[in-house]
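Visitor: Sequence isn't available, so here's the structure alone:
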């Protein structure tokens, strides 16, 4: 199969959807990989590295859409690319269609097979192509907290880890999933006092087993949140309800009870944020203050560390891309229910419930499209 | 004795030299403490906090200079205060006189007893009033490195701790003293690969005993530095030679061998820096790039974290100021050689060798004045 690797064109997006190492493995499996010129630049891979791995460097996205059977991206197609998508072409990338009506309609019209990274799902309900980015974002969240606690950045001037004889900072992490555990690892490593709040008692038990003793596990309840945020120097919003908007766990009212110069990092901002006062910001202008509390709400946090994020993402995507390329999309979906879960819009039909519900479009079962 | 606590007036300096906790302690020893209005504000202490602890809030620094027997501060006096310092008055703060001829002459002229935090020294050679600030600057160096490795900040876009399946960053720390070990603890805690270089083999043995296994100790030499630099994502300059300019351990040529978008944090910048390409920056404008390498060289790094830094510094300074206030400077210096080592300019004489040598002034042994 001919696989096309597009250069990212969204602002502040420096990742790439396949590394030279991935190209090499694709080649070993008999596939041809077209890579758009300079696609890997922001992630530290030059055209030469791709060529050495066996890729063909292609000048324009037009040519990739024309020649490739499967087109890969990190981010969703942008309007400039809408007309290039061909019937029966496989589009494999993050799509987030439930938040994008126009794109959904474009994909329906295109007749392509659009498989979304973010809805590929394992038996245990985990989302293997969101996990790596949650790992990056969770770890990054603490770095942001530490930096914006500096007084010149608007913070109240606390060193997260303290020093001998001086209290360390208190980090409150709301949500004990992938983002939460990774944030907690970093915060514990810095020597802070760390609280993780979660509603799943089994998860709290697991966290209690694996985290160091400076990490305290609490059942999440509004009263607990209200009590802890008063002590907090950094609060990390790490709540994810798959396919839905994040719940508002910290209200404007509660914000007033926090220390002036404390820092909120809302990792849930891509799902609307879990603090009432959150609004999405960018890496070039990442923070603002409400009631004296610093808010860091950068959408797409992992975009800031593309070298790490590209490797983390492609480690997870490559096995799926390879399986789809080896078997074709029908056989791959039939044999691997995880890939089947990724089907969002197939041959003009919406096959993912969340997307159909969002726009009142008729849902077509993917099974019915996999027959014959 | 009357102790005066001045508000800091240097740019970006938000610490305060005595906390309300310290005021209470001084009161229990029978001393009176004057605190300049709003002196503790940025460190999170209100005037009311100080009053409750037993301090008297005073509106003007001139009043404090007039009434107090000991003047305390974090930073050195500024030119407009030179005239306010009185004969026989004690001034106890960071002074860094070897870098400031004008201040040295002003203090000689004042005939005051000027005791510098940074030259108070223990029998084992350590500097107890520099240690707490090194403990702040070391961890902070890693926080800065992590932040400036972000691509939007100019860095190459690497996450310090990596993630499962992806290599963590490599952190090289030059100097295994108080800054180095504290930087290494944090870098290790974040999951980075860490190298500490030092020239003291006993120190390397100690570091090897106490640090986690991902922290590798290396005997420092130009060859060792040349060898690790091309692998580094973050390099921390953590070298201190007490009372002297920091040696230049990383040359411009070596920097040319580094990865583009790597980050240098020069904690030694207060002593002139240990990278050839370092020049002082501020918290408001902290970084610049040379040969594609980000340089973070903010002098007075702990000033950005005044709440932690104030407490850390106070924990260390309070026992000394309590002893000086309780005994008077002569008896305190006679009985405690650590305080004696702090004497820089006393009653018009330069009593610290490094300062006398820096400006070709006559050196007078403090023992003669005692």
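Guide: In hand now; what should we look at? For clarity, every value in this text was computed on a predicted model and none was experimentally measured. Numbering: from 1, shown residues only, chains lettered A, B, ... in the order given.
Visitor: So what's the residue count around the residue in the stretch 101-250 of chain A positioned nearest to chain B?
Guide: Taking CB to the nearest CB, chain B has its nearest neighbour within the stretch 101-250 of chain A at residue A:189, 2.7 Å off. Every residue, glycine included, has its C-beta placed from N, CA and C. By the criterion of other CB atoms under 10 Å in any protein chain shown, residue A:189 has 24 neighbours.
Visitor: Now do the same for it: helix, strand or coil?
Guide: Here residue A:189 is helix, with the state taken from DSSP: H, G, I helix; E, B strand; the rest coil.
Visitor: For it, which non-adjacent residue is closest in space?
Guide: The spatially closest residue to residue A:189, leaving aside those adjacent along the chain, is residue B:189, at 2.7 Å (CB to CB, 6 or more residues apart in numbering or on different chains).
Visitor: same question, residue A:175
Guide: Taking CB to CB, 6+ apart, and ignoring the residues beside it in sequence, residue A:175 has residue A:238 as its nearest neighbour in space, at 3.6 Å.
Visitor: Mind pulling up the pLDDT for that neighbour?
Guide: With respect to pLDDT, residue A:238 has a value of 95.
Visitor: Could you double-check that it sits in contact with residue A:171?
Guide: No: using CB atoms under 8 Å as the test, residue A:238 is too far from residue A:171 to be in contact (11.2 Å).
Visitor: Pull up the overlap in contacts between these two.
Guide: Both residue A:238 and residue A:171 are in contact with residue A:183, where contact means CB atoms under 8 Å, 6 or more residues apart in numbering or on different chains.
Visitor: so what's the residue of the stretch 101-250 of chain A closest to chain B up against?
Guide: Counting by CB under 8 Å, 6+ apart, residue A:189 touches B:161, B:186, B:188, B:189, B:190, B:191.
Visitor: Run through the neighbouring helices and strands of the strand or helix carrying the third one.
Guide: I take that to be residue B:188. Under the criterion DSSP states H and E, the helix or strand holding residue B:188 is helix B:178-189. Taking 3 or more CB pairs under 8 Å, 6 or more residues apart in numbering or on different chains; DSSP states H and E as the contact definition, the neighbouring helices and strands of helix B:178-189 are helix A:178-190, helix B:131-148, strand B:170-174, strand B:193-198, helix B:201-210, strand B:215-219, strand B:234-237.
Visitor: still on that earlier bit, the residue nearest to residue A:189 and residue A:184 touch, don't they?
Guide: No: with contact defined as CB under 8 Å, residue B:189 does not reach residue A:184; the gap is 12.0 Å.
Visitor: Please identify which of those two sits among more neighbours.
Guide: Regarding residue B:189 and residue A:184, a neighbour count based on other CB under 10 Å identifies residue A:184 as having more, with 31 against 23.
Visitor: The residue in the stretch 151-300 of chain B that chain A sits nearest to and residue B:232, how far apart?
Guide: For the stretch 151-300 of chain B and chain A, the shortest gap (CB to the nearest CB) falls at residue B:189, measuring 2.7 Å. Distance, residue B:189 to residue B:232, using CB to CB, to the nearest Å: 18 Å.
Visitor: sorry, back to before: could I get the pLDDT score of the residue of the stretch 151-300 of chain B closest to chain A?
Guide: pLDDT recorded at residue B:189 is 95.
Visitor: which residues sit in contact with it?
Guide: Counting by CB under 8 Å, 6+ apart, residue B:189 touches A:161, A:186, A:188, A:189, A:190, A:191.
Visitor: can you list the domain ranges for chain A.
Guide: Per automatic domain parsing, the domain ranges recorded for chain A read A:2-119+A:305-370, A:134-304.
Visitor: just those domains: most buried one?
Guide: Among these, domain A:134-304 has the highest mean neighbour count (mean count of other CB atoms under 10 Å in any protein chain shown), at a mean of 21.
Visitor: Figure out how far that one is from the centre of its chain.
Guide: Domain A:134-304 has its C-alpha centroid displaced from the chain centroid by 17 Å (CA atoms, centre = their mean, to the nearest Å).
Visitor: Endpoints of it, how far apart?
Guide: 13 Å (CA to CA, to the nearest Å).
Visitor: Please apply the same query to stretch B:205-219.
Guide: Distance between the two ends of stretch B:205-219: 10 Å, counting by CA to CA.
Visitor: Next, report how far that stretch is displaced from the centre of its chain.
Guide: Its chain's average C-alpha position is 24 Å from that of stretch B:205-219, according to CA atoms, centre = their mean.
Visitor: close to chain A, is that stretch?
Guide: No: for a cut-off given as CB under 8 Å from any CB of the partner chain, stretch B:205-219 has no contacts with chain A; the smallest distance is 9.9 Å.
Visitor: List the buried residues in that stretch.
Guide: B:207, B:211, B:215, B:216, B:217, B:218 (16 or more other CB atoms under 10 Å in any protein chain shown).
Visitor: Where does pLDDT dip in the chain?
Guide: In the absence of a named chain, chain A is used. Applying pLDDT under 70 to chain A picks out residues A:242-244, A:372.
Visitor: right idea, wrong chain: chain B
Guide: Counting by pLDDT under 70, chain B shows low-confidence ranges at B:243.
Visitor: Tell me how it divides into domains.
Guide: Following the assignment in automatic domain parsing, chain B carries domains at B:2-120+B:305-369, B:131-304.
Visitor: now the first one, how far from the chain's geometric center?
Guide: Between the mean C-alpha point of domain B:2-120+B:305-369 and the mean C-alpha point of its chain there is a distance of 15 Å (CA atoms, centre = their mean).
Visitor: The shortest one now?
Guide: Remark: domain B:131-304 is offset 17 Å from the chain centroid, using CA atoms, centre = their mean.
Visitor: Tell me how far the residue nearest to residue A:175 lies from residue A:140.
Guide: Where residue A:140 is concerned, residue A:238 sits at a distance of 12 Å (CB to CB).
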